[in-house]
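K.L.:
curious how this folds, go ahead:
(one chain, ligands or ions: 1)
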Amino acid sequence: MESFGNYINGEFVESKSGKTFPNVNPANFDEVVGTFQSSNETDVADACAAAVAAQKDWAATPATKRGEYLFKAADLLAAKLTQLGTDMTREEGKTLPEAVGEVTRAINIFRYFGGEGARQFTYQVPSERPQVLCYTIRKPLGTVALITPWNFPSAIPAWKLAPALVAGNTVVLKPASLAPLSAFRLVEALHEAKIPKGVINYITGSGGAVGDALTSNPAINAVSFTGSTAVGDALYRKVAERKLRVQLEMGGKNPTIVLRDADLNYAADILINGAFFSTGQKCTACSRAIIERPIYESLVKLLLEKTRSLKIGDGLKPGIHIGPAVDAHQLETDLEYVRVAKDEGAQLLCGGRRLSGGEFDKGYFIEPTIFAGVTPQMRIAQEEVFGPVLGLMIADDFEQAMEIANGVRFGLSASIVSKDLTRVHEFIDRIEAGLITVNLPTAGVEYQLPFGGTKESSYGMREQGPQAIDFYSETRTVYLRYAQ
Ligand code: NAP
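P.N.:
Model (predicted):
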């Protein structure tokens with residue numbers, strides 16, 4: 001079994017703790033994908049020191065040249081696409097086509113931000129005074145801590161690493177302990193692309209130990225975090241004391257509204273894609289279907305037919321639609337919410353059980369689950385499950401649908417299925433979500449546009465798109481008189 005090191009100051013090294021932890025395949029827990037370093041505070045300090053030492057030269061490297069390392073790494077990743085997708089399916093459980101799609105996205109992100117080396121626009125405006133130029137310049141922040149979750153183990157590290165690096169920062173990346181291999185592959189590609197030593201550092205280990213030590217290290221100038229709302233809230237309180245720049249991307253409770261004019265077959269496909277693909281383990285997954293009363297019965301019938309035809313199993317096998325939950329803890333959370341929903345009076349229409357027998361006994365497989373009779377106050381309508389669990393809610397009209405959709409503390413993504421242009425524009429105007437989709441699932445965003453939520457889903461500047469550079473750089477303002 002392969003053992004994967006930390007990456008500190010241009011070298012793959014073992015943790016000073018002398019300890020490792022296993023990365024286990026959630027579709028087959030007899031298979032250990034690899035062992036990773038259980039890092040300690042000394043490793044964190046070494047990684048931060050290496051990043052600080054490399055920062056000045058990296059910041060002085062022309063941004064176009066910084067971008068070239070990303071282009072080169074993207075080519076190296078592309079040459080190994082299927083292997084990297086397989087790695088991801090083995091460590092996280094999503095199906096191979098989903099995993100290959102995600103690695104492709106990480107490659108596109110590297111290429112896109114490689115191109116940002118030649119953009120990173122600033123601006124010049126007219127002065128009130130004669131012979132004075134007024135313009136802005138950008139400066140990197142310094143050394144940035146990147147903390148990422150397991151559910152997009154390649155794309156999320158990529159969409160933090162690439163803008164951070166091209167803007168001239170050095171980084172310390174801590175990936176999620178459940179899926180550290182996909183991020184390792186990005187780091188490996190940057191190493192093979194000969195990025196200067198210390199510019200990127202990668203350390204694995206528990207969030208409690210490594211994450212805390214990292215965000216408390218005085219070398220860190222900013223933190224970009226994606227993960228649960230609970231961890232994000234605690235992290236924010238901690239780094240706020242030091243007035244660090246921080247960006248938090250957290251949970252969601254994303255609705256899809258289906259209006260009475262919708263094509264029901266199309267709407268059912270959108271709901272299934274949003275709610276169940278990737279085992280519902282997307283921050284942008286749909287967990288609330290808000291359906292206008294006149295179409296409710298017909299849509300539910302279609303939804304159940306389609307859901308029952310989904311194939312669940314090891315995502316490496318062809319024809320599988322839904323892989324396992326990522327680990328025993330997430331599976332238990334999913335099943336606990338099934339119990340809670342039943343206790344609160346929701347009606348289980350399909351799914352709700354752990355799958356067993358044969359290959360299922362070796363993985364964390366759960367049936368895609370649909371509840372009817374969900375009311376806005378129920379926990380299943382308010383709390384993020386992060387599993388393949390969809391709650392159906394009936395709305396008498398568009399106004400009630402909007403009220404239900406906005407009646408949660410989250411605001412990551414939201415969608416509507418309708419051909420009614422007026423309603424669609426009302427929805428776009430009034431929905432409380434950072435990502436708004438029309439006649440598309442709640443999930444499925446593109447890297448060239450800003451990404452992020454509103455309300456308690458997100459805090460700080462947007463990720464992805466040209467706006468990502470804003471988080472990773474500081475604007476300075478110049479007043480220059482060219483005559484004395
Ligand atoms: P998590 O438990 O919050 O972990 C996220 C990362 O934080 C992991 O690397 C984790 O390390 C680390 N961490 C844990 N405790 C920490 C601490 N005290 N200080 C610093 N870092 C710490 O989240 P997850 O279970 O990996 O991911 C699922 C969550 O992410 C869901 O809520 C989902 O909605 C959210 N998510 C949001 C977005 C978005 O863009 N809005 C995208 C994807 C996922 P360990 O792995 O070692 O615990």
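
K.L.:
get me the contact residues on the stretch 251-400 of the chain for the ligand.
P.N.:
Contact residues, the stretch 251-400 of the chain versus the ligand (Cβ under 6 Å from any ligand atom): G251, G252, C283, E384, F386. Yep, even glycine has a C-beta here, placed from its N, CA and C like the rest.

K.L.:
and N23, how many neighbours?
P.N.:
Around N23 there are 25 other residues, counting by other Cβ atoms under 10 Å.

K.L.:
sorry, wrong one. I was asking about A176.
P.N.:
A176 is surrounded by 25 other residues when neighbours are defined as other Cβ under 10 Å.

K.L.:
residue contacts, it?
P.N.:
Applying Cβ atoms under 8 Å, 6 or more residues apart in numbering, we find A176 in contact with T148, P149, W150, P153, G207, G227.

K.L.:
redo that, cut-off 6 Å
P.N.:
Neighbouring residues of A176 by Cβ atoms under 6 Å, 6 or more residues apart in numbering: P149, W150.

K.L.:
what kind of secondary structure is it in?
P.N.:
Recorded secondary structure, A176: coil (DSSP: H, G, I helix; E, B strand; the rest coil).

K.L.:
D261 now?
P.N.:
Reducing the assignment to helix, strand or coil with three-state DSSP, the entry for D261 is coil.

K.L.:
distance of it from R138?
P.N.:
Noted for D261: a distance of 47 Å to R138, by Cβ to Cβ, to the nearest Å.

K.L.:
more neighbours, these two?
P.N.:
Using other Cβ under 10 Å as the criterion, D261 and R138 rank with R138 on top: 17 against 13.

K.L.:
if the more buried one is in a bridge, with which residues?
P.N.:
Beta-bridge partners recorded for R138 (DSSP bridges): T475.

K.L.:
per-residue pLDDT, it?
P.N.:
At R138, the model reports a pLDDT of 97.

K.L.:
which residues of the stretch 251-400 of the chain fall in strands?
P.N.:
Ranges of strands within the stretch 251-400 of the chain are 254-258, 286-292, 347-350, 369-372, 389-395, based on DSSP state E, counting those that start in this stretch.

K.L.:
between the last one and strand 286-292, how big is the angle?
P.N.:
The reference is to strand 389-395. Following axes from the mean of the first three to the mean of the last three Cα atoms, to 10 degrees, one obtains 20 degrees for the angle between strand 389-395 and strand 286-292.

K.L.:
doesn't D470 make contact with R138?
P.N.:
No: the criterion here is Cβ atoms under 6 Å, and R138 misses it with D470 at 8.8 Å.

K.L.:
for P153, give me its contacts.
P.N.:
Taking Cβ under 6 Å, 6+ apart as the definition of contact, the neighbours of P153 are E92, A179, S182, A183.

K.L.:
let's see if you can find the most crowded of those residues.
P.N.:
Using other Cβ under 10 Å as the neighbour test, these are led by E92, with 33 neighbours.

K.L.:
now do the SS call for the closest residue in space to that one that isn't next to it in sequence.
P.N.:
For E92, the nearest residue in space outside its immediate sequence neighbours is A179; the separation is 4.5 Å by Cβ to Cβ, 6 or more residues apart in numbering. Each residue gets one of three states, and A179 gets coil by three-state DSSP.

K.L.:
can you pull the contacts of A179?
P.N.:
Neighbouring residues of A179 by Cβ under 6 Å, 6+ apart: E91, E92, W150, P153.

K.L.:
what two of these are the furthest from one another?
P.N.:
E91 and W150 (8.2 Å; Cβ to Cβ).

K.L.:
more neighbours: those two, which one.
P.N.:
A count of neighbours by other Cβ under 10 Å puts E91 above the other of E91 and W150, at 26 against 23.

K.L.:
what's the local residue count around the nearest residue to T104 once chain neighbours are set aside?
P.N.:
Setting aside the residues directly before and after it, T104 is nearest to L81 in space (Cβ to Cβ, 6+ apart), at 6.8 Å. Neighbours of L81 under the rule other Cβ under 10 Å: 14.

K.L.:
okay, stretch 181-194 in CSV with CA atoms only?
P.N.:
What follows is stretch 181-194, C-alpha atoms only, in CSV (Å, rounded to 0.1, in the frame of the first residue of the first chain):
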residue,chain,number,x,y,z
LEU,A,181,-5.3,11.9,-2.4
SER,A,182,-7.0,14.0,-5.1
ALA,A,183,-5.4,17.2,-3.6
PHE,A,184,-2.1,15.4,-3.4
ARG,A,185,-2.3,14.8,-7.1
LEU,A,186,-2.6,18.5,-7.8
VAL,A,187,0.4,19.2,-5.6
GLU,A,188,2.3,16.4,-7.3
ALA,A,189,1.5,18.0,-10.7
LEU,A,190,2.7,21.4,-9.5
HIS,A,191,5.9,19.8,-8.2
GLU,A,192,6.5,18.1,-11.5
ALA,A,193,5.8,21.4,-13.2
LYS,A,194,8.8,22.6,-11.1
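
K.L.:
in that stretch, what's buried?
P.N.:
L181, S182, A183, F184, R185, L186, V187, E188, A189, L190, H191, A193 (16 or more other Cβ atoms under 10 Å).

K.L.:
got a list of contacts for it?
P.N.:
In this structure, residues lying in contact with stretch 181-194 by Cβ under 6 Å, 6+ apart are 4, 7, 23, 34, 69, 72-73, 76-77, 84, 87-88, 91, 153-154, 157-158, 175, 200, 202.

K.L.:
interface residues of the stretch 101-250 of the chain facing the ligand?
P.N.:
With the criterion set to Cβ under 6 Å from any ligand atom, the stretch 101-250 of the chain comes near the ligand through 147-152, 174, 176-178, 206-208, 211-212, 215, 226-228, 231, 235, 249-250.

K.L.:
ok, of the residues you listed, which come out buried?
P.N.:
The neighbour-count criterion (16+ other Cβ under 10 Å) marks 147-152, 174, 176-178, 207, 211-212, 215, 226-228, 231, 235, 249-250 among these as buried.

K.L.:
out of those residues, which are inside strands?
P.N.:
Judged by DSSP state E, strands contain the following of those: I147, K174, T226, E249.

K.L.:
excluding chain neighbours, what is closest to the first one?
P.N.:
Nearest-residue entry for I147: F225, 4.6 Å, with adjacent residues in sequence omitted and distances by Cβ to Cβ, 6+ apart.

K.L.:
give the contact list for the one you found.
P.N.:
I147, G232, L235, L248.

K.L.:
let's have those residues in CSV, adding distance to G465 and pLDDT.
P.N.:
Supplementary listing: these in CSV, determined by distance: Cβ to Cβ, whole Å; pLDDT from 0 to 100:
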residue, distance to G465, pLDDT
I147, 21, 98
G232, 21, 97
L235, 24, 96
L248, 18, 98
